[in-house]
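In: Predicted model follows, preceded by the sequence.
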Amino acid sequence: PPPQRPPAAILARALPPPSPPVTDSGGGQWRAGAPRGKGGSANCLAGEGRCWADKWGSGRGEAPHRLWGGGHLRDHPRTGAGGVSARVPGQERSGLHSPGSVCLSSRARTSNNSELNPDTFTAFSVSSVEQLTEDTYQYKFELPGNSSLRLSLGQHIVLRGVVNGLEVQRAYTPISPGNAEGYFEVLIKCYEAGLMSQYIKTWKRGDVVFWRGPFGGFPYRPNKHGELLMLASGTGLAPMIPILQSITDDEEDETFVTLVGCFPTFDKIYLKPLLQDLARYWNIRIFYVLSQETSLEKLPWSYQENTYTGRLNEDLMKTIIKSCRRKPFVLICGSSAFNEDMSRYLEASGIEENSCFVF
């Protein structure tokens, strides 16, 4: 059952004025929330402009959080593996701060200003579309002149789309460097029944798309951690790429990195050329775990030594951690189920919770 409301006096101090209800095209109100985790829950009363959340597994009680001006969560603390999700009947659902978030809104402000803004959607033009796999695409967007999004590492931005009169918002992490001049790139997987996917599949060069942000991010500092262990599933690879490139571009940064990318098959590994180039650096190792492959014999020889078949399980996790050159700090990004599994395996491997960061 939903937790009890905190006293009105606390809400008055902690929250901005109530946001408008989140509605569908028929005027019905949606209520955002999250599935139960390890003993906790999270609920967002979007129509009242308020949110309360229990951190999964902590049982520490309620905490009010701010909402965007359309009834969307902003600056919501991580609730364990999955974040907070929007429950939309018949549509995809996953963490708000993961690559799979979905939100609904009845209205949103837009701008033609080229500056990215967390409160207002800004128009950007699609400059290229590249299909990477049967359902995943790499989209490139123009920035005027030599301007840059100026993103911090791991930050995500929010896309707005309208399908059948219903506005949908979804968060994605650009894979291009945060200081890339004149463009930014986003990796997007499209789903057969996804509302946002229906909109994204219509994109072509020259189309105008609206984004806002940035949000979130990983507070990385060169040489702070002896080694980073990156655990990424599918498009969860996205926030890892800018961090990797930041390390390889900085001659003074001697951080070791072990990236473990989990994909169904070899053909569904994203960005192979880029990953192969990164793996040539002395301090970068990249492993692949292919859940639907049964043999390595058909893989190119350059991949066979650093690829595992099956799923990333507890035993393999312990093997990888044991091979790390220094005590690792762990970054995790994937589906809610993947994040929960990785957190459990890491705990069994002796990695403390304060040595992990979940996107």
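Out: The structure has been received and is ready for your questions.
In: and residue 211, bridged to which residues?
Out: residue 122, residue 159 (DSSP bridges).
In: now it: how far from residue 148?
Out: 14 Å (Cβ to Cβ, to the nearest Å). (C-beta placed from N, C-alpha, C; glycine too.)
In: In this protein, what helix or strand scores lowest on average pLDDT?
Out: In the chain, no helix or strand scores lower on mean pLDDT, DSSP states H and E than strand 50-53, which sits at a mean of 31.
In: SS state for residue 292?
Out: Look at residue 292: counting by DSSP: H, G, I helix; E, B strand; the rest coil, its state is coil.
In: if we can go back for a sec, give me the more crowded residue out of residue 211 and residue 148.
Out: residue 211 (22 against 17; other Cβ atoms under 10 Å).
In: Now do the helix or strand where residue 259 lies, average pLDDT.
Out: For residue 259, the enclosing helix or strand under DSSP states H and E is strand 256-263. The pLDDT scores in strand 256-263 average 98.
In: contacts for it?
Out: Strand 256-263 has contacts (Cβ atoms under 8 Å, 6 or more residues apart in numbering) with 226-234, 237, 240, 244, 247, 269-270, 275, 283-291, 311-312, 320, 323-326, 328, 334, 338.
In: mind redoing it with 7 Å?
Out: Identification of contacts with strand 256-263 by Cβ atoms under 7 Å, 6 or more residues apart in numbering yields 226-234, 237, 240, 244, 247, 269, 283-291, 312, 320, 324-326, 328.
In: Out of those, list just those in helices.
Out: 240, 244, 247, 320 (DSSP state H).
In: Correct me if wrong: the third one contacts residue 240.
Out: No: under the criterion of Cβ atoms under 7 Å, residue 247 is not in contact with residue 240, lying 10.7 Å apart.
In: Looking at these two now, which is surrounded by more residues?
Out: The neighbour comparison of residue 247 against residue 240 (other Cβ under 10 Å) goes to residue 240, with 28 against 22.
In: Can you check the pLDDT for the more buried one?
Out: pLDDT at residue 240 comes out at 97.
In: how much space between it and residue 271?
Out: 10 Å.
In: One more: residue 353?
Out: Using Cβ to Cβ, residue 353 is found at 30 Å from residue 271.
In: CA atoms only: put the strand holding residue 259 into CSV for me.
Out: Extracted C-alpha coordinates of strand 256-263, given in CSV (Å, rounded to 0.1, in the frame of the first residue of the first chain):
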residue,chain,number,x,y,z
PHE,A,256,42.4,1.1,-15.3
VAL,A,257,39.1,0.2,-16.8
THR,A,258,37.4,-3.2,-17.3
LEU,A,259,34.2,-3.0,-19.4
VAL,A,260,31.9,-6.0,-19.4
GLY,A,261,29.3,-5.7,-22.2
CYS,A,262,26.4,-8.1,-22.1
PHE,A,263,24.5,-8.8,-25.4
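In: Could I get the average pLDDT for the helix or strand following it?
Out: Of the helices and strands lying after strand 256-263 in sequence (DSSP H and E), the nearest is helix 272-278. The average pLDDT for helix 272-278 rounds to 96.
In: what comes up buried for helix 272-278?
Out: Buried residues in helix 272-278, counted by 16 or more other Cβ atoms under 10 Å: 275, 278.
In: what's that helix packed up against?
Out: The elements that helix 272-278 packs onto, with contact taken as 3 or more Cβ pairs under 7 Å, 6 or more residues apart in numbering; DSSP states H and E, are strand 284-290.
In: could you say what helices and strands the strand it packs on packs with?
Out: Using 3+ Cβ pairs under 7 Å, 6+ apart: strand 284-290 touches strand 256-263, helix 272-278, strand 307-309.
In: want to throw those into a markdown table with distance to residue 173?
Out: Supplementary listing: these in a markdown table, determined by distance: least, Cβ to Cβ, whole Å:
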| stretch | distance to residue 173 |
| --- | --- |
| strand 256-263 | 15 |
| helix 272-278 | 15 |
| strand 307-309 | 25 |
